[in-house]
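Participant: predicted coordinates and the sequence they were generated for:
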Amino acid sequence: MKEVLAEMLENETGLKKEDLLRLIEIPPEMKLGDFAFPCFTLSKKFKKNPAEIAKDLAGAVEKNLPEEITEAKAEGPYLNFFVDRVGLAEKVLVDSLEDGWGENTNGKGKKVVIDLSHPNIAKPFGIGHLRSTIIGDSISRIANANGYGTVKINYLGDWGTQFGKIILAYKKWGKDSELKKDAIGHLQKLYVKINKTDEFDDDARLEFKKLEEGNKNNLAMWKEFKDFSLEKFYTIYKLLNVEFDEVSGESLYNNKMQEVIDLLKKKRLLKKSEGALVVDLKKAGGVVLIQKNDGTSLYATRDIAAAIDRYKKYKFDKLIYEVGSEQSLHFRQVFKVLEKLGFKWSTDCVHAAHGLYLDNDGKKFSTRKGKTVYLSDVLDETIEKSKKNLEERSEKISKKELEKRSRVIAVAAIKYGDLKSHRQNSIVFDIDRFLAFEGDTGPYLLYSYARAASILRKARSKAKLEVGKIDDCEFALIKKIESFPEIVKKSYSHFAPNLIANYAYELSQKFNEFYHDCPVMGSENERFRLEIVKSFRATLGKALGLLGIETLEKM
Ligand code: ARG
């Protein structure tokens, strides 16, 4: 509906449609109108006060109102609109039950590549990697809903000097039996041990050089560490219900270093500095190390090679890196080097950064109590708690059903707890708060969904659907449902799943108000109200789907 209004106002105000869409708001009270356009921004341009402008605009549009709008009325500095409630309701109740509800075709024929999750092998799956997995997966789903094809790439941290250290440490102190028991734990211990002194640094560098040169023994060890790590990571992905189109990693690009060097040389961008090769971006990003003085490659070099390769392969419309904001300088540098190399598509590379997870006391979560937190333990703990909550609340259910519900609720709690804030904010990782059934939480949303499902299960209405007069309590919910497609568009243009998350919450609140104020079963409007419930259920289900959250019919 906002689109209809924006299109109508484009001519009269001379403002762009995007700006109008941003400005149009919902009045605080329904009796004022269904939508409002505040005229403040126009007063400079028209050299009049906003109230006069509102009056003028009302007069101008009144003659030519689109059929969806019944009245345009100036109210102080606002131009308020009333919509044709019946027309809108009839349309929404049909559209929202269609397969593609909320979707659009803006991205038709275009591809979006998303670099997400990307944990480092031989190390525990970090909490930052959890954020990237959750947010990246949701961005991908939102891109799909906007018509884009997507490629989700899990770009593992499986290369770099640290593997020289890990290999050396394993050769010195490693135990096969420990590796089999708990590979990541064992390798982590060895890594900590070898980092205690610098006496092994030279030997470790040598081991990495050997690895880069393809030494069979080192490669075999590296491969084993990688396989063990992936096995562990996959238990997490399975639980979270996240899949990838491609699992690659930094190791794929170590032998592409020469290509990058040649390209940089051709453009005269490369400089020697103390035996190393660098690009000096000066004010635009400082010095970027391309090749170390021992001839080995670096993180940035591999990312430059990877981006070039991805463009060749996918001709992407956008390449989105869902990575923590502590890496902003790195991505600024990588994008700048690509630009200097003359790749026009460098402007389509985006660092969709995320903030940190904090502990209850405001400290960085991963250093809780000074020791590493294993994400799989955190997830298990969350599922356990969710199970307890369920056992206290619900009627007896089978063990299998209990397992399923507690997993779905736990995952919803964690995903929603993350996605409800803008990705750039740091968030407090507080499982108990995430798991609460009341308030702005994942379980509250699932519960609202299940409540609607339960009403519909019990419904036996045979009455014919008639859309007559529409009460405020009904219309508030219908109007909210109607705005879903708009939110889907907006959330893609900002790579902001939080817009969908917040929408899902507001939608559920409206539903619960509706349920409280408008009795459904046995009411005169039973059939109509059931249709609204159906519409709500479908819309909330879609919104949760875009967040990667599964729903439950019963809770
Ligand atoms: N593995 C890296 C880390 O944990 C993140 C990789 C991000 N993706 C990229 N193309 N650089 O810090």
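Facilitator: Perfect, thanks for sending it. Numbers count the residues shown, from 1 in each chain.
Participant: for the residue of the stretch 51-200 of the chain found nearest the ligand, what are its contacts?
Facilitator: With C-beta to the nearest ligand atom as the measure, Gly157 is the residue of the stretch 51-200 of the chain nearest to the ligand, at 3.0 Å. (C-beta placed from N, C-alpha, C; glycine too.) Gly157 makes contacts with His118, Pro119, Asn120, Ile121, Lys123, Gly249, Glu250, as judged by C-beta atoms under 8 Å, 6 or more residues apart in numbering.
Participant: which residues sit in contact with the last one?
Facilitator: This points to Glu250. For Glu250, the contacting residues are Tyr155, Leu156, Gly157, Asp158, Trp159, Gly160, Tyr299, Arg302, Ala306, by C-beta under 8 Å, 6+ apart.
Participant: same list, those, but as TSV with pLDDT and secondary structure please.
Facilitator: Formatted as TSV, these follow (pLDDT from 0 to 100; DSSP: H, G, I helix; E, B strand; the rest coil):
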residue	pLDDT	secondary structure
Tyr155	97	strand
Leu156	97	strand
Gly157	95	strand
Asp158	94	coil
Trp159	92	coil
Gly160	88	coil
Tyr299	93	helix
Arg302	95	helix
Ala306	97	helix
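Participant: a markdown table for the contacts of Gly157, including distance to Leu456 and pLDDT?
Facilitator: A markdown table is the format used below for those (distance: C-beta to C-beta, whole Å; pLDDT from 0 to 100):
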| residue | distance to Leu456 | pLDDT |
| --- | --- | --- |
| His118 | 41 | 97 |
| Pro119 | 41 | 96 |
| Asn120 | 46 | 94 |
| Ile121 | 47 | 92 |
| Lys123 | 47 | 89 |
| Gly249 | 46 | 95 |
| Glu250 | 50 | 95 |
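Participant: now, which of the residues you listed lie close to the ligand?
Facilitator: The subset of these within reach of the ligand, by C-beta under 6 Å from any ligand atom, is His118, Asn120.
Participant: so in the protein, where's the weakest helix or strand by average pLDDT?
Facilitator: Taking mean pLDDT, DSSP states H and E as the measure, strand 357-358 is the helix or strand of the chain with the lowest mean score, a mean of 81.
Participant: what is that strand packed up against?
Facilitator: Where contact means 3 or more C-beta pairs under 8 Å, 6 or more residues apart in numbering; DSSP states H and E, strand 357-358 is packed against helix 127-145, strand 427-428.
Participant: between these, which gets the lowest average pLDDT?
Facilitator: The stretch with the lowest mean pLDDT among those is strand 427-428, at a mean of 88.
Participant: for whichever helix or strand comes after it, give the mean pLDDT please.
Facilitator: Counting by DSSP states H and E, the element after strand 427-428 in chain order, helix or strand, is helix 431-435. The predicted model gives helix 431-435 an average pLDDT of 92.
Participant: flag every buried residue along helix 431-435.
Facilitator: By neighbour count on 16 or more other C-beta atoms under 10 Å, the buried set for helix 431-435 is Ile431, Phe434, Leu435.
Participant: any idea how far Gln188 is from the last one?
Facilitator: If I follow you right, that is Leu435. Taking C-beta to C-beta, to the nearest Å as the measure, Leu435 falls 29 Å from Gln188.
Participant: residues contacting the residue of the stretch 401-550 of the chain found nearest the ligand?
Facilitator: Closest contact between the stretch 401-550 of the chain and the ligand, by C-beta to the nearest ligand atom, is at Arg423 (14.7 Å). Neighbour list for Arg423: Arg131, Ile135, Glu322, Ala352, Ala353, His354, Gly355, Phe495, Ala496, Pro497, Asn498 [criterion: C-beta under 8 Å, 6+ apart].
Participant: in helices only, show me those residues.
Facilitator: Cross-referencing those against helices under DSSP state H gives Arg131, Ile135, Pro497, Asn498.
Participant: can you get me a residue count around the second one?
Facilitator: A count of nearby residues for Ile135, using other C-beta atoms under 10 Å, gives 27.
Participant: I'd say it and Tyr357 touch.
Facilitator: No. Between Ile135 and Tyr357 no contact is recorded; they are 11.9 Å apart, counting by C-beta atoms under 8 Å.
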